[in-house]
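[1] quick check, what structure comes out for this input:
(one chain, ligands or ions: 1)
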Amino acid sequence: MNESTTPELLLRRVPITTEVTRVGATAWQAAIGGGQVLLDGLRRRPLAAAAAHATRDRFAALGPTYVKLGQLIASSPGVFPGVLSEEFRTLLDRVPPADPGTIHDVLLAELGAPPTDVFAEFDPVPIASASIAQVHPARLHSGERVVIKIQRPGIETRLAADLQILERVAATAELSRYGRMVSATEIVDDFGANLRDELDFRTEAASIDEWRACLAGTRFADRVRAPQVHWDLTTTRVLTMEYVDAIRIDDAAAVRAAGHDGVDLLRTLLLSLLESAFRGGIFHGDLHAGNVLVDPEGRIVLLDFGIVGRFDDRTRVILRRLLVDLMVRNDFDAAGRALFRLGAVRRTSDRSAEDMRQFTAPLRRTSLANVSYTQLGRQLAELAKAYDAKLPRELVLVGKQLLYVERYMKLLAPRWRPLNDSEVMGYMSGLIVQAERERATG
Ligand SMILES: Nc1ncnc2c1ncn2[C@@H]1O[C@H](COP(=O)(O)OP(=O)(O)OP(=O)(O)O)[C@@H](O)[C@H]1O
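    Model prediction:
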């Protein structure tokens, strides 16, 4: 069928605001997905791969909510079948820009004046256009270059309708064992809460400031940064911030051509992530390559604080102790108790200390440096399955960020072994000393 005549596209042309139209579009996409799988089956392609491919295509056609959900699946190894995660990695969030007139109206409504008054220059052509927002370059009257992230009109209603459908699908999925094991409703609830947060740009702006404050005074303060927010020009649907001129971290050729040292960059990225998560309490929760840049001075610049993770004081203390129990004291009973206190394990067994010992064995071997986060994540997921454990969201989130770091390591510093690096080990020792002190003081 010609794409321009599919019901989904026709529906897209009229305002899709009601649940009924979204249910129709979702069912239609599910039906084509099913058809595609059947056809592939007849053509004797492996069924799992065909189903994953069809699901990816349908998610892309259904728009923002599903694209975000697909990206979540892609970055959750161990929870979903590998073939599905792989397929979803290619799901990009790029859509044509909204009509310039509607963008003008959003700015007028949010900032109280037309962009031509508020800014010395405003470029109506965006530099990036994703499903929730688009980003426009502009210049303030002071001469400073800025970018303005502007929310697409109508996105809120559309997401709300999609979320309602997903909630029902998740409730149905929980009737099955697999649905319960992956906590389908919880995944959707969590996902919905994140998406709603992402719709208030003041939350994102506040996270940028909070993250910067948590690294201020540490040795990372001048090695990793985020754009300055212009609060006077920031509202729920408009975020104005400093323009950052930098290259993507996964553009290895450009990073090398600019004379930056891959090991230095990766060390900074890894340690500042650990520092912000295990000491500071707030970390960037979406370090995909479009959000991690390198500026001409060789500093890492993080963009897009739409997703952040937080560990409260108590959790940070437990996590630091867990690290010591596993890596230094080899006290696996204590490590098991720590996991229990994190709320992660609901069932214990006589074998838990032994299982924990086996899980951490690769960490303690001489080949310590070769341990892969991916391998670790898979093992952790298996252990969680065996113990009916549910890893706290933030722990999973920090794990995902380590997977990104690992990916950039392969690109920029393939021979670097963080656990053989004296600065990394020095940093870990600092954490361990702190944890021992906390243990001594109860
Ligand atoms: N401060 C900035 N300076 C320069 N470019 C920026 C800045 N902020 C955002 N951009 C550009 O806009 C793109 C999208 O920004 P951002 O990631 O914040 O939006 P998003 O809608 O959340 O996108 P995504 O869904 O890809 O995460 C960035 O990848 C970058 O190219």
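[2] residue closest to the middle of this protein?
    Centroid-nearest residue in the chain, with Cα atoms, centre = their mean: Asp286, separated by 2.9 Å.
[3] tell me where the stretch 201-350 of the chain is predicted with low confidence.
    326-330, 332, 336, 340, 343-350 (pLDDT under 70).
[4] quick one: name the residues of it near the ligand.
    Neighbours of the ligand within the stretch 201-350 of the chain, by Cβ under 6 Å from any ligand atom: 227, 241-244, 290-291, 303-304, 306. (Glycine included, C-beta is placed from N, CA and C.)
[5] if we can go back for a sec, can you pull the contacts of the residue nearest to the centre of the chain?
    304, 306-307 (Cβ atoms under 8 Å, 6 or more residues apart in numbering).
[6] how far away is the residue nearest to Arg439 when sequence neighbours are not counted from Gly259?
    Among residues not flanking Arg439 along the chain, Arg321 sits closest, at 6.2 Å (Cβ to Cβ, 6 or more residues apart in numbering). Separation of Arg321 from Gly259 (Cβ to Cβ, to the nearest Å): 41 Å.
[7] more neighbours: the two, which one.
    Set side by side, Arg321 and Gly259 show more neighbours around Arg321, with 23 against 8, by other Cβ atoms under 10 Å.
[8] for that one, helix, strand, or coil?
    helix (DSSP: H, G, I helix; E, B strand; the rest coil).
[9] and what of Ala113?
    Secondary structure of Ala113, per three-state DSSP, is coil.
[10] residues near it, how many?
    10.
[11] phi, psi of it?
    The phi and psi values for Ala113, taken as degrees, to the nearest 10, are phi -160, psi 160.
[12] look up the closest residue to the residue of the stretch 251-400 of the chain found nearest the ligand, ignoring the ones flanking it.
    Using Cβ to the nearest ligand atom, the closest approach of the stretch 251-400 of the chain to the ligand is made by Asp304 at 3.4 Å. The spatially closest residue to Asp304, leaving aside those adjacent along the chain, is Asn291, at 4.6 Å (Cβ to Cβ, 6+ apart).
[13] surely the residue of the stretch 251-400 of the chain closest to the ligand is within a strand?
    No - remark: Asp304 does not belong to a strand; assigned using three-state DSSP, it is coil.
[14] okay, now it: neighbour count?
    23.
[15] correct me, but it touches Leu293?
    No - using Cβ atoms under 8 Å as the test, Asp304 is too far from Leu293 to be in contact (10.6 Å).
[16] where does the stretch 51-200 of the chain have low pLDDT?
    In the stretch 51-200 of the chain (pLDDT under 70), the answer is 75-80, 92-93, 181-182.
[17] any idea how the chain splits into domains?
    Domain segmentation of the chain under automatic domain parsing yields 1-90+163-198, 99-152+200-243, 246-442.
[18] measure the shortest one end to end?
    In terms of Cα to Cα, to the nearest Å, the two terminal residues of domain 99-152+200-243 are separated by 23 Å.
[19] nearest residue to Leu111 other than its sequence neighbours?
    Nearest to Leu111 is Val118, by Cβ to Cβ, 6+ apart, at 5.2 Å.
[20] Asp222 too?
    Arg299 (7.2 Å).
[21] ok, the one you found - how many residues close by?
    Arg299: 17 neighbours (other Cβ under 10 Å).
[22] same question for Ala213.
    The burial count for Ala213: 11, using other Cβ under 10 Å.
[23] which SS state does it fall under?
    Classified using three-state DSSP, Ala213 is helix.
[24] now do the one 5 residues further on
    The assignment at Thr218 comes out as coil when based on three-state DSSP.
[25] report the contact partners of it.
    Going by Cβ under 8 Å, 6+ apart, the list of residues near Thr218 reads 275, 279-280.
[26] now do it against the ligand, distance only.
    22 Å (Cβ to the nearest ligand atom, to the nearest Å).
[27] please, where are all the strands along the protein?
    121-122, 128-129, 133-139, 145-151, 224-225, 238-242, 247-248, 282-284, 292-294, 300-302, 308-310 (DSSP state E).
[28] got the CA coordinates for stretch 127-135 in PDB?
    The C-alpha trace of stretch 127-135 is given here as PDB (Å, rounded to 0.1, in the frame of the first residue of the first chain):
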ATOM      1  CA  ILE A 127      19.400  22.700  14.100                       C
ATOM      2  CA  ALA A 128      17.600  19.600  15.400                       C
ATOM      3  CA  SER A 129      14.100  18.400  15.200                       C
ATOM      4  CA  ALA A 130      12.900  15.500  17.400                       C
ATOM      5  CA  SER A 131       9.400  14.400  18.300                       C
ATOM      6  CA  ILE A 132       9.100  16.300  21.500                       C
ATOM      7  CA  ALA A 133      11.000  19.400  20.800                       C
ATOM      8  CA  GLN A 134      13.100  21.200  18.200                       C
ATOM      9  CA  VAL A 135      16.100  23.300  18.800                       C
END
